[in-house]
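K.L.:
pasted the sequence and its predicted model underneath.
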Amino acid sequence: MAGLQDIFMEIDSSVKNDPSRAGGLEAVYQFNLNGDESGTYHIVFRDGISYAGEGEIEKADCTMNMFTNDFKKMVDGKLNGTQAFMTGRLKIKGNMGLALKLQEILASANRSAK
């Protein structure tokens, strides 16, 4: 399984190469990931420009806190984000609707990478 930096580099490449995946979404996401491999990352969809990177970002619309292993499963399509939230494996601060939209974007990127 890829490391966090590799995953976010793939996400960055995917959203930059095909900004239409965001479907006009204007949002800033932050991920606080904990576990064997911890880190803080972000994904930004703004003004037709999308990118992902490492570190905290100001004024996130949606902040997600979860264990790294669960995040990796979610990106791989092996864990449903809604299910993770309902079972306490994913904690969301901010706009819940944006969290659902991100799941669709990540799933689309995952399908195209295979």
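P.N.:
Structure's in. What do you need? Residues are numbered from 1 along each chain as shown.
K.L.:
show the contacting residues for the closest residue to Lys93 other than its chain neighbours.
P.N.:
Spatial nearest neighbour of Lys93, excluding adjacent residues (C-beta to C-beta, 6 or more residues apart in numbering): Thr63 at 4.4 Å. All C-beta atoms are positioned from the backbone trio N, CA, C, and that covers glycine. Shown in contact with Thr63 (C-beta atoms under 8 Å, 6 or more residues apart in numbering): Tyr29, Gln30, Phe31, Asn32, Ile92, Lys93, Gly94.
K.L.:
would the second one count as being in a strand?
P.N.:
Yes - using DSSP: H, G, I helix; E, B strand; the rest coil, the secondary structure at Gln30 is a strand.
K.L.:
tell me the contacts of it?
P.N.:
Thr40, Tyr41, His42, Glu56, Ile57, Ala60, Cys62, Thr63, Met64.
K.L.:
which among the residues you listed end up buried?
P.N.:
Tyr41, His42, Ala60, Cys62, Thr63, Met64 (16 or more other C-beta atoms under 10 Å).
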